[in-house]
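Novice: Build the 3D model from these lines:
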Amino acid sequence: MDFRLDRALRERRLVRLRRGIARADTLDGYVVMLADSWLLMAVVDDGIRLNGFAALRSADVVAVKSRPTGGFVGKALALQGTWPPTAPPNVDLTEIRKLVASVAEHFSLITLHLERSTPDACFIGRLVGIRKRAIGIREVSPQATWDPRPTKWRLRKITRIDFGGAYENALYAVAGDPPPC
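Specialist: Just a heads-up that it's a prediction; the model follows:
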């Protein structure tokens, strides 16, 4: 495990993570959980608010930079009642199938990123099944309409999983539960 990630977790440091995936977003936030293969970050958005979580493959992280804030971000989050950021309960980072299942148990929508093969897209939906090498989700469109059939995604292609953010929450609030297939 990268000592910089471990230090960011222990010291509750605001960090910027850069990954070795072409065109992948850099992410600012707080590392709230670490495992051998995956890490969980509480994402801080440009409005200085916690905006959900991003689970990232640890091996993809190539740079961990402490963000100089002089305590500003922590103080702003404390005034909002969101300091210190903590991991949601029962997230299992030990392997991707357990990660997806544990997140889907507590969050209505998950966002899948396949940044190596599809860097400019993400796929948002509700988990409908997990197999040995793939998962199925019932996708919801940006217009908050549910696709009629689930889509299947290979686990090894998933590089990032987002959940609990303002966009996912708003999308679910409008879309509601998916109708039966």
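
Novice: drop to CA atoms for contacts and neighbour counts, all remaining ones
Specialist: Fine.

Novice: got the contact list for the lowest-mean-pLDDT helix or strand in the chain?
Specialist: Within the chain, no helix or strand scores below helix 72-79, which has a mean of 89 by mean pLDDT, DSSP states H and E. With contact meaning Cα atoms under 8 Å, 6 or more residues apart in numbering, helix 72-79 is reached by Ile48, Arg49, Leu50, Trp83, Pro84.

Novice: Drop anything exposed from the residues you listed.
Specialist: For the contacts of helix 72-79, a neighbour count by 16 or more other Cα atoms under 10 Å gives the buried set as Arg49, Leu50.

Novice: pLDDT and distance to Tyr30 added to the contacts of helix 72-79, as JSON lines?
Specialist: Listed next are these as JSON lines, based on pLDDT from 0 to 100; distance: Cα to Cα, whole Å:
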{"residue": "Ile48", "pLDDT": "94", "distance to Tyr30": "12"}
{"residue": "Arg49", "pLDDT": "96", "distance to Tyr30": "12"}
{"residue": "Leu50", "pLDDT": "97", "distance to Tyr30": "9"}
{"residue": "Trp83", "pLDDT": "90", "distance to Tyr30": "11"}
{"residue": "Pro84", "pLDDT": "90", "distance to Tyr30": "9"}
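
Novice: Which of the contacts of helix 72-79 sits closest to Arg4?
Specialist: Nearest to Arg4 among these, counting by Cα to Cα, is Pro84 at 19.2 Å.

Novice: Please report the distance of the closest one from Gly29.
Specialist: 11 Å (Cα to Cα, to the nearest Å).

Novice: Break the chain down into its structural domains.
Specialist: 1-87, 90-181 (automatic domain parsing).
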